[in-house]
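Undergrad: Sequence and computational prediction follow.
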Amino acid sequence: MRSITLVLSDGTKFHGKSFGYEKPVAGEVVFNTAMMGYPESLTDPSYAGQLMTLTFPLVGNYGIPPFTVEEKGIATFMESDRIHASAIIVSDYSEKYSHWNAKENLADWLKREEVPGICGVDTRQLTKVLREHGVMMGKIIFDDEPTNIPEAEYEGINYVAKVSCKEVIHYNRGAGKKVILVDCGVKNNILRCLLDRGVELIRVPWNYDFNNMDFDGLFLANGPGDPDTCVETVKNIQKFLTNPKVRPCMGICMGNQLLSKAAGASIYKLKYGHRSHNQPVRMVGSNQCFITSQNHGYAVDSTTLPSDWESLFVNMNDGSNEGVKHKKNPWFSAQFHPEACSGPLDTEFLFDKFVELL
Ligand SMILES: NC(=O)CC[C@H](N)C(=O)O
């Protein structure tokens, strides 16, 4: 295994070994404190442009599932058709694996998809540095070939355009209610959660103007990067919100941010984001709490929501916004991931709620 150095933008260095594809890489260094789910997280398009640090100390021991595809054309075990994270950073990498569903080890998958993986890094110490300083850019450099690659840029870069579908895709044609899904980088389990509830899905590119189409409801998916770069999506959502024909809308994660922006609210960057399977949220106006799966670095500033909108959920760790709703119309969104994959299923009922409203 070749030696590498992870250099953070404040100059902090961590030394480790390469076990994935061998190429220097730069990106935003983020941490995820979930105990499992590396195949799902690596293929979650919302990790595009990021070097994903896992705090759970042992990674790889349950291998990688096969890339089988279900009849609706959705991968069975992966959240998209490829790895989107720019690299994975772990403490102990286990090449040996044991799981009923494993087909290969993590290293072989990373090499095939040309994604670097590094191990031997004290990822809990790295996480402490990121929590103190706030999220930082970083580079992985090979010690025996110290090419000085440029720092990556993250804020202001439109990653959504890179991962969104390029043309309209239909699922469950003629099934029933028609839902337009704006694909900012949608996870497969969001598609599955909607299709399993019997709707017809029309998945459109992030900047597609769907307003003149025939549909019963609008779904705004998750996606990578800075929500302020999705100007065209916000314009299309604004047209939808001002249409005299009121139809239901639900958003997830980037969808929460874009719906809020279309309503007139603003977004800010969290110090180090929420990435885990155990983020506690409370439904506003109740004492009901849920444990949620999350992966985001930006948040809606609830104080900027216009008077006809309100917060739907609030994060119990830091008080940040976890969802919004319109006071009168059937429009709501969650900052967390009710589809999980991976993570707890506590909030999957939000899909039922959306489909009931159609
Ligand atoms: N998972 C997501 O949709 C993430 C939304 C946005 N890219 C953020 O980091 O906040």
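TA: Structure received.
Undergrad: Please list all residues in contact with whatever residue of the stretch 101-250 of the chain ends up closest to the ligand.
TA: The ligand sits closest to N222 of the stretch 101-250 of the chain, with a gap of 3.1 Å, by C-beta to the nearest ligand atom. C-betas here are computed from N, CA, C, even on glycine. By C-beta atoms under 8 Å, 6 or more residues apart in numbering, N222 lies in contact with 44-46, 184-187, 190, 252-255, 295, 337.
Undergrad: Tell me the spacing between it and Y298.
TA: Computed as C-beta to C-beta, to the nearest Å, the N222 to Y298 distance reads 12 Å.
Undergrad: which element is the nearest residue to I64 once chain neighbours are set aside on?
TA: Of all residues not flanking I64 in the chain, W109 sits nearest, at 4.8 Å (C-beta to C-beta, 6 or more residues apart in numbering). Element membership for W109 (DSSP states H and E) is helix 106-112.
Undergrad: related to what we said a few turns ago, filter the contacts of N222 by proximity to the ligand?
TA: S46, C253, M254, N295 (C-beta under 6 Å from any ligand atom).
Undergrad: which two from those residues end up farthest apart in space?
TA: Spatially, the most separated pair among these is M254 and N295, at 10.2 Å (C-beta to C-beta).
Undergrad: Find the residues that touch each one of those two.
TA: Common neighbours of M254 and N295 (criterion: C-beta under 8 Å, 6+ apart): S46, N222.
Undergrad: If you count surrounding residues, which of the two has more?
TA: Each of M254 and N295 has its neighbours counted (other C-beta atoms under 10 Å); M254 has more, 31 against 25.
Undergrad: Would you mind naming what in the chain lies close to the ligand?
TA: Counting by C-beta under 6 Å from any ligand atom, the residues of the chain close to the ligand are S46, N222, G223, P224, G225, P227, C253, M254, N295, H296, G297, Y298.
Undergrad: Take the ones next to the ligand among the contacts of N222 and keep only those in strands.
TA: Of the ones next to the ligand among the contacts of N222, the ones assigned to strands by DSSP state E are N295.
Undergrad: Pretty sure F313 sits against G319.
TA: No. Taking C-beta atoms under 8 Å as the definition, F313 is not a contact partner of G319, at 11.4 Å.
Undergrad: V300 touches Q257, doesn't it?
TA: Yes. Counting by C-beta under 8 Å, Q257 is a contact partner of V300 at 5.9 Å.
Undergrad: how much space is there between S260 and the ligand?
TA: Counting by C-beta to the nearest ligand atom, to the nearest Å, the separation of S260 from the ligand is 12 Å.
Undergrad: coming back round to it: need the overlap of contacts for V300 and Q257.
TA: Joint contacts of V300 and Q257 (C-beta under 8 Å, 6+ apart) are I267, Q335.
Undergrad: And the residue most central in space within the chain, what's its pLDDT?
TA: Centroid-nearest residue in the chain, with C-alpha atoms, centre = their mean: S46, separated by 3.4 Å. Per-residue confidence (pLDDT) for S46: 98.
Undergrad: Just the helices from the protein, written as ranges.
TA: 38-43, 106-112, 123-133, 160-163, 188-195, 231-242, 254-263, 349-357 (DSSP state H).
Undergrad: Identify, out of the ones you listed, the most deeply packed stretch.
TA: Comparing the helices of the chain by mean neighbour count (mean count of other C-beta atoms under 10 Å), helix 254-263 ranks first with a mean of 27.
Undergrad: quick revisit: redo the helices of the chain as TSV? Include mean pLDDT.
TA: Formatted as TSV, those follow (pLDDT from 0 to 100):
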stretch	mean pLDDT
helix 38-43	98
helix 106-112	98
helix 123-133	98
helix 160-163	98
helix 188-195	98
helix 231-242	98
helix 254-263	98
helix 349-357	98
